[in-house]
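Engineer: structure for the following, please:
(one chain, ligands or ions: 2)
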Amino acid sequence: MTSFATPAGSPHFHYRNGELFAEGVALSTLARQLGTPLYVYSRAALATAWAAYQEAIGSHRVLVCFGMKANSNLAVLKEFARLGSGFDIVSGGELARVLAAGANPAKVVFSGVGKQDWEMQAALEAGVKCFNVESLPELKRLSEVANRIGKLAAVSLRVNPDVDAQTHPYISTGLKENKFGIAIEEAPAAYQLASTLPGIQVVGVDCHIGSQITEVSPYLDALDKLLKLIEQLVRQGIQLKHLDLGGGLGIRYDDETPLAPKVLLDKVFAELRARGFDHLELVLEPGRSLVGNAGVLLTTVQYLKLTDARNFAIVDAAMNDLMRPALYEAWHGVLPLKPRTSANTLYDVVGPVCESADWLARARQLALEQGDVLAIESAGAYGFVMAGNYNSRPRPAEVMVDGENYHVIRQRETFADLIRGESCLPD
Ligand SMILES: Cc1ncc(COP(=O)(O)O)c(C=O)c1O
Ligand SMILES: N[C@@H](CCCC[NH3+])C(=O)O
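Structural biologist: Residues are numbered from 1 along each chain as shown. Ligands and ions are numbered 1, 2, ... in the order given. Next up is the predicted model:
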């Protein structure tokens with residue numbers, strides 16, 4: 001169980017004089033000035049997570065494409081673009097965001113099982129690095145779209161290596177029964193077809209086996225299968241330029257041991273060298289490990305409801321603001337901004353939404369009073385991006401702390417935002 005003195009998140013969130021800070025800013029100041037629920041990110045934490053990849057990469061040829069579905073706020077994208085990141089996108093909307101953030105489309109890879117014609121066309125026109133194609137019908141469609149507009153689509157086939165990522169079943173993507181990728185046994189024939197299609201230029205191979213992975217072995221199993229495939233392709237006369245291992249590195253929410261980029265990459269580089277593939281560019285698509293522990297969600301205790309069965313701390317954030325607990329029974333640490341010295345009580349931290357699944361944390365020892373503000377930890381990835389408006393709740397504001405300063409990077413939604421685009425029938 002996390003102790004209040006050591007937040008699970010990065011060291012950029014820390015207690016000073018009995019108060020929780022993000023870098024040099026007391027979180028209580030942000031809650032008071034901007035209200036709650038409020039997502040707060042640390043710019044230094046983003047940079048630290050990025051640096052861990054760069055240190056692991058050293059002088060190897062690696063393109064890191066931030067898996068932006070984890071956090072697509074423009075300010076976050078801009079930070080990663082400044083640091084030199086590419087982006088892994090899964091929709092035309094994500095493409096529009098990376099372009100709006102001024103990122104270089106030549107460092108963008110386009111994943112996803114359901115790309116539509118207009119999304120393919122937009123990505124071709126923008127000049128993305130590569131399409132990670134997930135099925136034969138998609139491959140044929142992409143060739144047609146590229147042909148029609150006089151472009152050549154650079155393609156990696158996303159293969160499904162059928163390895164168990166040893167993670168939550170909802171976020172496992174590399175097993176046969178998952179909808180993702182082309183079965184690895186079918187890949188040689190798929191590459192043969194790809195090499196004959198007029199709008200397609202084969203450039204790489206890709207896989208992404210799941211998320212919140214804390215073991216190296218699933219990656220090495222997948223890598224081994226990919227390298228065997230590449231050997232087979234060489235025999236077929238097909239040469240690749242890059243190998244994309246996807247994202248998926250896990251972070252610490254509770255007491256997990258996260259998989260450090262260096263631990264994984266040292267093994268990957270050694271394997272590539274041993275098998276004679278170190279000429280290949282490596283592409284990575286980390287999402288969670290770049291942003292997860294760079295953000296918290298602040299929420300205020302509205303009521304303490306003590307019952308025979310359970311004690312509830314009813315807060316102003318809900319499942320619509322942070323869906324992970326409701327969806328995956330995910331564990332997020334809960335830190336009081338100003339810990340009390342009074343005795344703890346066992347609480348479920350729940351929101352105001354009319355669903356029993358509307359909880360953020362269960363069975364936590366906390367000393368609380370009405371009006372206290374809590375930080376829900378490790379909310380920088382798959383937090384705001386999965387938020388919705390259920391129960392007509394405006395989505396929270398987002399703020400980025402930078403040293404002693406902070407910047408509102410998304411305004412809190414208003415009632416006007418909620419009904420924008422709606423209209424009633426004529427009288
Ligand atoms: C294709 C692809 N790449 C990258 C990611 C990022 O994954 P993670 O946030 O686990 O690093 C995902 C999400 O799982 C994904 O589907
Ligand atoms: N939304 C998931 C991660 C999904 C990864 C996308 N393929 C989570 O919150 O853990």
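
Engineer: establish whether stretch 208-217 and ligand 1 are in contact.
Structural biologist: Yes. Contact check for stretch 208-217 against ligand 1, using C-beta under 6 Å from any ligand atom: residues in range are His208, Ser211. Every residue, glycine included, has its C-beta placed from N, CA and C.

Engineer: can I get that stretch in CSV? Just the C-alpha atoms.
Structural biologist: These are the backbone C-alpha positions of stretch 208-217, laid out as CSV (Å, rounded to 0.1, in the frame of the first residue of the first chain):
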residue,chain,number,x,y,z
HIS,A,208,1.7,-4.1,-30.3
ILE,A,209,1.0,-6.9,-27.8
GLY,A,210,-0.8,-5.0,-25.1
SER,A,211,-0.6,-2.3,-22.4
GLN,A,212,0.7,-2.1,-18.8
ILE,A,213,3.2,-4.9,-19.4
THR,A,214,5.7,-5.4,-16.6
GLU,A,215,7.6,-8.4,-17.9
VAL,A,216,10.3,-8.5,-20.6
SER,A,217,9.5,-12.0,-21.8
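
Engineer: next one: that stretch, is it in contact with ligand 2?
Structural biologist: Yes. Counting by C-beta under 6 Å from any ligand atom, ligand 2 is contacted by stretch 208-217 at Ser211, Gln212.

Engineer: buried stuff in that stretch?
Structural biologist: Going by neighbour count (16 or more other C-beta atoms under 10 Å), the buried part of stretch 208-217 is His208, Ile209, Gly210, Ser211, Gln212, Ile213, Thr214.

Engineer: adding secondary structure and distance to Leu425, write those out as a markdown table.
Structural biologist: Putting those into a markdown table (DSSP: H, G, I helix; E, B strand; the rest coil; distance: C-beta to C-beta, whole Å) gives the following:
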| residue | secondary structure | distance to Leu425 |
| --- | --- | --- |
| His208 | coil | 45 |
| Ile209 | coil | 49 |
| Gly210 | strand | 46 |
| Ser211 | coil | 43 |
| Gln212 | coil | 46 |
| Ile213 | strand | 50 |
| Thr214 | coil | 53 |
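
Engineer: same list, the residues you listed, but as TSV with pLDDT please.
Structural biologist: As requested, the buried residues of stretch 208-217 are exported to TSV (pLDDT from 0 to 100):
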residue	pLDDT
His208	96
Ile209	94
Gly210	94
Ser211	94
Gln212	96
Ile213	95
Thr214	95
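
Engineer: how many neighbours does the closest residue to ligand 2 within the stretch 51-200 of the chain have?
Structural biologist: For the stretch 51-200 of the chain, the residue closest to ligand 2 is Ile171, as judged by C-beta to the nearest ligand atom, at 4.6 Å. With neighbours defined by other C-beta atoms under 10 Å, the count for Ile171 comes to 17.

Engineer: correct me if wrong: it contacts Gln212.
Structural biologist: Yes. Because the distance of 6.1 Å satisfies C-beta atoms under 8 Å, Ile171 is recorded as touching Gln212.

Engineer: still on that earlier bit, what about the nearest residue to the residue of the stretch 51-200 of the chain closest to ligand 2 once chain neighbours are set aside, distance to Ser28?
Structural biologist: By the measure of C-beta to C-beta, 6 or more residues apart in numbering, the closest residue to Ile171 outside its immediate chain neighbours is Ser211, 4.1 Å from it. Between Ser211 and Ser28 the distance is 32 Å, computed by C-beta to C-beta, to the nearest Å.

Engineer: with Gln54 instead?
Structural biologist: 34 Å.

Engineer: which of the two has more neighbours?
Structural biologist: Using other C-beta under 10 Å as the criterion, Gln54 and Ser28 rank with Ser28 on top: 16 against 13.

Engineer: wait, what's in contact with the more buried one?
Structural biologist: The contact partners of Ser28, by C-beta atoms under 8 Å, 6 or more residues apart in numbering, come to Glu19, Leu20, Leu337, Lys338, Val373.

Engineer: dig out what the one residue in the stretch 51-200 of the chain that gets nearest to ligand 1 forms beta bridges with.
Structural biologist: Per C-beta to the nearest ligand atom, the residue of the stretch 51-200 of the chain with the smallest distance to ligand 1 is Gly67, at 2.9 Å. Applying DSSP bridges to Gly67 yields these beta-bridge partners: Asp88.
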